[in-house]
Structures are given as structure tokens and as C-alpha cells.
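J.: Build me a structure from this.
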Amino acid sequence: QVQLVESGGGLVQAGGSLRLSCAASGRILTRFAMGWFRQAPGKEREFVAALRWSGQQKIYGDSAKGRFTMSRDADYTVHLQMNSLKPEDTAVYYCGTGDVTSDQEMGLWRAYDYWGQGTQVTVSS
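T.: Got it, this is the predicted structure:
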């Protein structure tokens, strides 16, 4: 089993920044992918960013490119630095992990096995 705990959400004005964190524990394999997704009310879960615990590859969803940066620490914690936030970034942000077998699947929430409880991000205009 794997446990994920997100933190760092909150209320911020448009143009501001937030840094989300997700601490992973349990039976983590270095080939696992770690992803950030978000879900706004009435909408599908949307891909934000992902990386693997091993290797250098990171991928970003279209809404995150140029504004969000995903990073990782050696203690199996990942961060999502979100800059230039917009009201449309308002959502519950989830981190997920699992044995995502292909890089193409890293942007698909159904490919992930474990999820955190989510953290609310609200951007006011």
C-alpha cells in the first residue's frame, strides 16, 4: 500500500502563487510515476503535471505549461509550484502515484493506483 498526503492549498488572488506538496509513503517503487491532477465542480479530472521517481522526465498539461513547475525531493515528496494563478485554476488538486507503464499514460488519471485526499485551491479575481 501507498499513502499520499497533500498540503499547501488555500485562497490566493489572481496573479499570486501557491506551492502544493505531496508526501508519499509505503511501498513505493522508483519506476512509479507521480502526478498532479485537478478537478473543478462538474468537470472531469484534469491532468496538471507528472514525473517519475527515477529519471528526469517531467510532463505538463496545457493549462500548466509556463506557469507551474513540478519537482521532487529525495524523501518521496513532490511539489507543485504554481505561479500566475488564474480564477480558472480553482479546483481540488490531487496527487496520485502508481506503476504507470508508459510515458503516454502519465497524463491519464485512470493509470494511477493511489490517490491523496486532495487539497482545495481557490483563486479569486
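
J.: use CA for all of it now, contacts and neighbours both
T.: Noted.

J.: how close does residue 49 sit to residue 32?
T.: Per C-alpha to C-alpha, to the nearest Å, residue 49 is found 14 Å from residue 32.

J.: Between these two, which has more neighbouring residues?
T.: Using other C-alpha atoms under 10 Å as the criterion, residue 49 and residue 32 rank with residue 49 on top: 26 against 18.

J.: what's the closest residue to that one other than its chain neighbours in contact with, if anything?
T.: Distances taken as C-alpha to C-alpha, 6 or more residues apart in numbering place residue 60 nearest to residue 49, at 4.2 Å, with adjacent residues excluded. Each residue near residue 60 by C-alpha atoms under 8 Å, 6 or more residues apart in numbering is listed here: 47-50.

J.: Out of the residues you listed, grab the one that's most surrounded.
T.: Ranked by neighbour count (other C-alpha under 10 Å), the contacts of residue 60 have residue 50 at the top, with 28 neighbours.

J.: what about it, helix or strand, and which?
T.: Assigned by DSSP states H and E, residue 50 belongs to strand 46-52.

J.: give me the number of residues near residue 27?
T.: Residue 27, neighbours per other C-alpha under 10 Å, totals 9.

J.: thinking it is in contact with residue 2, fair?
T.: Yes: contact criterion C-alpha atoms under 8 Å: residue 27 and residue 2 qualify, at 5.6 Å.

J.: Give me the neighbour count for the closest residue to residue 72 other than its chain neighbours.
T.: Nearest non-adjacent residue to residue 72, counting by C-alpha to C-alpha, 6+ apart: residue 78, 4.2 Å away. Residue 78 has 24 neighbours, counted by other C-alpha under 10 Å.
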